[in-house]
Structures are given as structure tokens and as C-alpha cells.
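>>> this one's sequence-less:
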């Protein structure tokens, strides 16, 4: 079951359980066709800076064995076998560089024998000898030379597991985490490709790299990537507003919603307020009227226009004398609206500044403290948010806004029992609080308290039978119980009740993917359409990107389609609102890029193993 989205002061934190199908891929292709020559070995050893290479001189080109004594390939194989035995004895004696020199000697014999075209058996010999030499370089502490030999091998045999595994191991020691991840993906992709029939039959086969290795590499890569993307988003001058549905969900989660809606209705139409602005030259009056104009735009659900009016009003307050002539209440309400507007644009520092100034004017206003806590939550500062909630409840133990939103925080912290306590207290104070009823149902579902969850949903439905959210929650309840037809029906009702609610579109897609259609396969095209519709109506809806990316990647019949998934994740990154969302999309993008790079290197045309 996909849990309901949690309102974190205006933004849906999509708490989804994501199962990503990992198709893996490897790193760079081999750089040169020939084995390293003797002079090249000397040069690379010096560049590597390893003292062992400096202390042991390799044979010069003049001392290389010539072909004059070898007349046929059989004789060549016999001589190579003798040299190979010497190399293995040296290896057992831990004389790694001397062993590497013997393998170079054998490779040079092959190189000097005949023309450029080698027989199949000689090509196998080249691969084996180069792999042995690569192992000696690794043992001798010459990773760059070892990597070079791995590249030579992989140029000849893309699926050479030993060379690719060694390459992975060396890249890890060099802390080249991204290249190492690509190697993991290459090993896994090749494994899936070679064992697809057994995997389809469910036969137990040990993969070449354990899942823990991928998780280990992701733990190295993800923090820096999230930090980079977060910094990039912070540097954006302006972020787009969330969807109208998301904004309304935020506003309706506060007790003051009905009061300001009534005030906005009383102020009259926007045209009337605009005329009043034009008729006055007094800046304080203009600022107050602009604030009311923005409020009326919000009443009309024209949130972009509301934002512009609030900004104009706030700018006027920076003029000399304007604030001195403005009432404390008008100033506080303007700061509150500006805080909301900036929060919605994800200007968290600007939002916090406005809310803090509002708190200075109204230090006992618990709702402002709750909104400040919401900004802290979206910034990932959960402990600071919790402190603000506690302060609000210290001022007013019956502050339902603080109880509701603190419960949301507890849910994000995976503390359902504490969240349940807050929600039950909220409902004691406000039995008709629809959102609290739905949040409580979410916790009960997660705890597998099915009958109690159903009762909570029945009470919520009695408050608003036509609610899109209520129908969506019922759909999730049915989905969790495996009642797919009932879930589908509820999600369709939710979409009809409010076409701007993205959640039922995503959930309907999940129902389809779990419902066999004609031919025994799910209706994938319709699932994709629903997920795309969810993003269309709410470009910041994180769950839609997660599921659409997974679905498109699993169905990609060519690599260009897989690259389109990367572009989808890029779009998702532009619209992330919380650190958790950013981390989810970043991790999926990193893996997808690695898979595509691996498939390209392996000369695969698709990631689809069907």
C-alpha cells in the first residue's frame, strides 16, 4: 500500500515504499587493443609513482624475444606455457613485478608472431595472460597499470567477470565511487542477460555482486549528490508555486482558514479593491489594500496573482513612514501572508524571516509558531520544528493546528504512536476535523488496525461524503486489503470529485499495474497515462515521478527511452520540496544513469530483459 501523502505545512511529503528494479552496468570501455609494451610499462610505472616500479627495471625493447625461433602456432603455445609456469612460480613466491614481467614476455611473443589477425586460441591466451599480469600489478600496488590491463581485456571480452570485478575493486580503493557503481551495474546487467531464463523460472542463482555492495556505493555517492542538487535549487532566484490543490490543502489545514475567507468575501471583488487603490495616494492605505487584494485573489484561487499583490504590499512597507501609520494587525497579517507566499515558493529563509517578524508583533499567536515549524520541517530541521510545536502548545494546550502538524512530524519521524496521541487529542477538541480523521486512519492502516481504520474513515465520510481525499483514502484501504475492484472504484470517485487531486491518479495506476488485463498483462499504457496526468496537474507530486520513472525504465525497449527517464528525474528534481523527496529522486537518477552507461558500454540496445 502506498501511504497517504502527509501535509507538511503545504507540501505533500510523498511517503512511498519504492521497489526499484536495478539493472546494472559497468564503466569505461578498454582504451587500447594491444597489451602494454615494455617501454609503456616503464613509463606508466613512473607516472604511478610506485617505488616498487622504480626499483625494478623491466626488459628493454632490444631484449624482447623475437619470432625467429618460432615457426608455427603450436610451438608458440608451448613456449608460452613454459613462460606462464615461470610467472606462476614467481607469483607464489610473492615476486609480483617479476611475475608481471614474465607475462609481458609471453604477450610480446604473441604480438611478434604472424600478422595482426590472431587465431581464437591466441586471443584467449592474450586475455588470460593480460588478466594474470593485471592481477600482478594489483598485488604490486600499481593500480593504474592494473586498470589499463583490465581495459585491454574488456575491449576484447566485454563480459570478462574477473577483469570487471578487479576493476571494481581497484576503483573502490581509489574512491572513484561513481565509476565503481557503473561496474556493479555492468556485472549485474551481464548476469541478468546471461541467466534470464533461469531467473524467469525463479531458480536460485547467486549474482556476481551482492545487493549490499550497491547500497554501500550509494551511501558514498548520495549525500554529495543531494547536497549539490540542494545548493543548485537554493540558488534559483524563484521557484514556481505548487499546484492549486496543494496550496488549498495547506491553507485548509489551519484553523484560521474560514476567518480569512470570510474577510476576503467581505472586502469584495478584486476590481473593487483595485479601484480603491487607484483612488488613494497614501502609501500605508495602498499597502493595506494590496494585502486585501492578494487575500481576495487567494479566495478566488488565483494564487500567482495573490503572490504578486502581497509582494507589492510588502515592498511598500519598506518605504519611510509606511509602517508607522499601519496598524499592528494589518502589519502582522501582511507578514503572515508574505511568509506563506515565500514558503510556497520554497524560499525558506525568506518565509522564516516574515514569520519571525510576525511573532515579534504577536508573541502569543500559536498559529504563527506552527507555520514557523512547517518551514523548519521543509528545511529538514525536525528538532527545531518540534521545539516550536511544543512552544505553541505551551501557549495554548488546545491548539489543534499544533497537534495536527506535530502529528505529521511524528509520522515523518516514524513515531506513529506519538502521532496517534496528538491526533486523538485534536479530535477530542474538534470532532469534525476531517484532515485529523484521515491522518488517524493512515496510522491505523499502517499498524494493521483494519477495523479501527475503517471506523475512522466512516466518520470522515460522514463529515464530507463527496470529498476527494476521503474517497482516495478509502481506495488505499481497499488496495491494502487486496480488494482491487473496490479500490479502483474509489479512486475513480476521487478523481471525479476533484480532478486536481494528483493522489488518486497515481494510486489508480498502481491498481492497474497489479490487475492483469486481457492476455494476463497489466494495462501499462493506461498506467503511464495516469501517472503523466498526475504530473501534469501537479508538477511537484513526488510519488508520480517515482512510479513513472520505474515503469518507463522497466518498459524501455531502447536506450534512448531509458535516457528519457533520466530527463524525467531531472524534471522531478526541479520540483522537489523536501530533503526526503530530493534524496529519493537523486538516488533513482544516479542508478538510472549508471544502468544506461553500463548498457552502452556493454553494447546492449535495451535494459528490457523480457
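Thanks, I have the structure now. In this text the structure is predicted, and so the values were computed from the model without any measurement.

>>> show me where this protein has strands.
Per DSSP state E, the chain carries strands over the ranges 6-8, 11-13.

>>> mean pLDDT lowest for which of those?
For these, the weakest mean pLDDT is recorded on strand 11-13, namely a mean of 30.

>>> mind listing what residue 124 touches?
Residues near residue 124 by C-beta atoms under 8 Å, 6 or more residues apart in numbering: none. Yep, even glycine has a C-beta here, placed from its N, CA and C like the rest.

>>> distance of it from residue 363?
Distance, residue 124 to residue 363, using C-beta to C-beta, to the nearest Å: 81 Å.

>>> cool, and residue 541?
37 Å.

>>> compare those two (neighbour count), which wins?
Counted by other C-beta atoms under 10 Å, residue 541 and residue 363 do not tie: residue 541 has more neighbours, with 29 against 10.

>>> count the neighbours of residue 512 for me.
23.

>>> could you pull up the contacting residues of it?
Neighbours of residue 512 in contact, by C-beta under 8 Å, 6+ apart: 522, 523, 524, 526, 527, 530.

>>> of these - the most surrounded one?
Within the contacts of residue 512, most neighbours by other C-beta under 10 Å means residue 530, with 25 neighbours.

>>> OK, contacts around that one?
Contact partners of residue 530, counting by C-beta under 8 Å, 6+ apart, are 505, 506, 508, 509, 512.

>>> let's see 10 Å
Going by C-beta atoms under 10 Å, 6 or more residues apart in numbering, residue 530 touches 491, 495, 502, 504-512, 523, 544, 547-548.

>>> how near is it to residue 488?
Residue 530 is 11 Å from residue 488, by C-beta to C-beta.

>>> do the same with residue 476
For residue 476, the distance to residue 488 equals 12 Å [C-beta to C-beta].

>>> please enumerate the helices of the stretch 201-350 of the chain.
Taking DSSP state H, counting those that start in this stretch to define them, one finds helices in the stretch 201-350 of the chain at 211-235, 244-252, 257-267, 270-279, 283-299, 303-316, 328-344, 348-361.

>>> need the ones you listed in JSON lines (columns: mean neighbour count and distance to residue 405).
As requested, those are arranged in JSON lines below (neighbours: other C-beta atoms under 10 Å; distance: least, C-beta to C-beta, whole Å):
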{"stretch": "helix 211-235", "mean neighbour count": "14", "distance to residue 405": "23"}
{"stretch": "helix 244-252", "mean neighbour count": "19", "distance to residue 405": "10"}
{"stretch": "helix 257-267", "mean neighbour count": "13", "distance to residue 405": "14"}
{"stretch": "helix 270-279", "mean neighbour count": "14", "distance to residue 405": "31"}
{"stretch": "helix 283-299", "mean neighbour count": "23", "distance to residue 405": "20"}
{"stretch": "helix 303-316", "mean neighbour count": "19", "distance to residue 405": "21"}
{"stretch": "helix 328-344", "mean neighbour count": "22", "distance to residue 405": "13"}
{"stretch": "helix 348-361", "mean neighbour count": "19", "distance to residue 405": "14"}
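
>>> reformat those helices as JSON lines; add mean pLDDT.
Conversion of the helices of the stretch 201-350 of the chain to JSON lines gives the following (pLDDT from 0 to 100):
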{"stretch": "helix 211-235", "mean pLDDT": "91"}
{"stretch": "helix 244-252", "mean pLDDT": "94"}
{"stretch": "helix 257-267", "mean pLDDT": "96"}
{"stretch": "helix 270-279", "mean pLDDT": "96"}
{"stretch": "helix 283-299", "mean pLDDT": "97"}
{"stretch": "helix 303-316", "mean pLDDT": "96"}
{"stretch": "helix 328-344", "mean pLDDT": "96"}
{"stretch": "helix 348-361", "mean pLDDT": "96"}
